[in-house]
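**Q** Return atomic coordinates for the entry below.
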Amino acid sequence: MNRKTTQSTKTATLHKRRAALGHLATLGALAAMPQWAFAQSDRPLRLVLPNATGSGVDAITRAAQPALSKALGTTVVVENQPGAGGVVGLQTLSKAAPDGFTLSVVSNNVVIFPSVLKSLPFDMPGDFTPIAMMGSTPMVLVVNPQKVAATNSREFIALLKNKPGELNFASGGNGTILHLAAEMFLDESKTSAKHIPYKGVGPMVTDLLGGQVEFATVALPSVQQHIKSGALRAIGMCGSQRVAAAPEIPTFIEQGLTGYSVEAWFAVIGPKGLSPANVKRIHDGIVAAFNDPTVKETMAKQGNTINISTPEQAQSAFKSEMAKYAALVKKAKLEPQ
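**A** Below is the predicted model of the structure:
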């Protein structure tokens, strides 16, 4: 082999080595990148809702779903997993990989559970990453007008006192905010009724409309259409002020039950271990989605108040809300089940 041929062979080998090293460097760089950086377009983001179809959280999430998909650059898929009042859906989230592709939109339920359930298959909030407190949704006490003649708080309380323990009230499950709100009403009005827990808001509202149960406290978006049609009658708003979405409904405070005020909030959380980069990306997407004009209009029609917190504020709020509801559960004399 002559010198020229040998030199050509060495040069070719060197080029191959450089190409191989370059390829390995590229693979290494890709491996070091966050997973979401190159998977946004082809991997959907799962929003596991520990609430049934037709719940307030469900209505809020589905209204924002298209804007969230656009803001996060990937398809957002909503999965309802309402079993055990929401524990099933939360358990799914707690076991999910902390890669930013499985999240939940939750309500007050998640901070009430530790006070009303004897055991949970996860630690709250230790097994989760609070990302943002989103805002609040108004709650209303409604009755089936075919079963309950009362039209206001005074008449309804009088009816409950005349029939102690005879009327049934529904909730989306033991330990949910719907359950606690009704118990707080009964405690404040010094009345009693029988609790009928359901596996989610959808079947609860169905039976409320059918007259199988007489009354319930529920998020306004879940029953707005039924109040307007006359299928259900609103006795009072559970919050401290009337809401623009239903200005004709007075609060219980206005009607003399001055110690009664409760509202439902909603938040976005992920599994434990979400990276700061993923938390920021998701939080930025939430802010963008809920500033979308169409989403803002829908939130206003539902009566929701949007006030998005920082991740740090959300983490602090979860701890303080757990303490707050532990005290309310004790005051309402609810025994853990």
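
**Q** Pop the domain breakdown of the chain in here.
**A** 43-136+264-331, 139-237 (automatic domain parsing).

**Q** which residues touch residue 183?
**A** 195, 332, 334 (CB atoms under 8 Å, 6 or more residues apart in numbering). C-beta here means a position set from N, CA and C on the backbone, and glycine is covered the same way.

**Q** how much space is there between it and residue 162?
**A** The spacing between residue 183 and residue 162, counted by CB to CB, to the nearest Å, is 20 Å.

**Q** Which is the succeeding secondary structure element to whatever helix or strand residue 297 lives in?
**A** Element membership for residue 297 (DSSP states H and E) is helix 293-302. Beyond helix 293-302 on the C-terminal side, the first helix or strand identified by DSSP H and E is strand 305-306.

**Q** strand partners of that following strand, parallel vs antiparallel please.
**A** strand 128-137 (antiparallel) (DSSP bridges).

**Q** Please list the residues outside the helix or strand following the strand it pairs with that contact it.
**A** Per DSSP H and E, the first helix or strand lying C-terminal to strand 128-137 is strand 139-143. Residues from elsewhere that reach strand 139-143 (CB under 8 Å, 6+ apart): 150, 156, 177-178, 181-182, 185, 208, 214-220, 223, 226-227, 232-239, 246, 249, 252, 262-264.

**Q** need the contacts of residue 183 in JSON lines with neighbour count, can you?
**A** Formatted as JSON lines, those follow (neighbours: other CB atoms under 10 Å):
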{"residue": "195", "neighbour count": "15"}
{"residue": "332", "neighbour count": "18"}
{"residue": "334", "neighbour count": "20"}
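
**Q** Which of the residues you listed fall within helices?
**A** Among the contacts of residue 183, none falls in helices (DSSP state H).

**Q** So which of the contacts of strand 139-143 are in strands?
**A** Of the positions in those, 215, 216, 217, 218, 219, 233, 234, 235, 236, 237, 264 sit in strands, assigned by DSSP state E.

**Q** Among the residues you listed, which one has the most neighbours?
**A** Highest neighbour count within those, by other CB atoms under 10 Å: residue 219, with 33 neighbours.

**Q** That residue touches residue 265, doesn't it?
**A** No. The pair residue 219 / residue 265 is not scored as a contact, 10.6 Å apart, by CB atoms under 8 Å.

**Q** Spatially central residue in this protein, please.
**A** residue 106 (2.1 Å; CA atoms, centre = their mean).

**Q** Helix or strand: which one has it?
**A** strand 102-107.

**Q** how far off strand 215-219 does that strand point, in degrees?
**A** 130 degrees (axes from the mean of the first three to the mean of the last three CA atoms, to 10 degrees).

**Q** immediately after strand 102-107, which helix or strand?
**A** Trace forward from strand 102-107 with DSSP H and E and the next one is helix 109-116.

**Q** Can you pull out the residues in contact with that next one?
**A** 50-51, 85-87, 90, 120, 124-125, 174-177, 179-180, 269, 318, 321-322, 325-326, 329-330, 334, 336-337.

**Q** Over to stretch 281-291?
**A** If you take CB under 8 Å, 6+ apart as the criterion, stretch 281-291 is touched by 36, 64, 67-68, 70-72, 100, 103, 131-132, 134, 268, 270, 274, 295-296, 299, 306, 308, 310-311.

**Q** Buried residues, that stretch. List them.
**A** The neighbour-count check on stretch 281-291 (16 or more other CB atoms under 10 Å) flags 281, 282, 283, 285, 286, 289, 290 as buried.

**Q** same deal with stretch 195-214?
**A** 196-198, 200-205, 207-209, 213-214.

**Q** can you map out the helices along the chain?
**A** Taking DSSP H to define them, one finds helices in the chain at 3-32, 36-39, 56-72, 87-94, 109-116, 153-162, 177-189, 201-210, 220-229, 276-290, 293-302, 311-331.

**Q** and those helices, which one's lowest on average pLDDT?
**A** Note on the helices of the chain: helix 36-39 shows the lowest mean pLDDT, a mean of 38.

**Q** Residue 51 against residue 107, yeah?
**A** Yes. At 6.9 Å, residue 51 and residue 107 qualify as touching, with contact defined as CB under 8 Å.

**Q** neighbour count winner among these two?
**A** Taking neighbours as other CB under 10 Å, residue 51 and residue 107 compare with residue 51 leading, 33 against 26.
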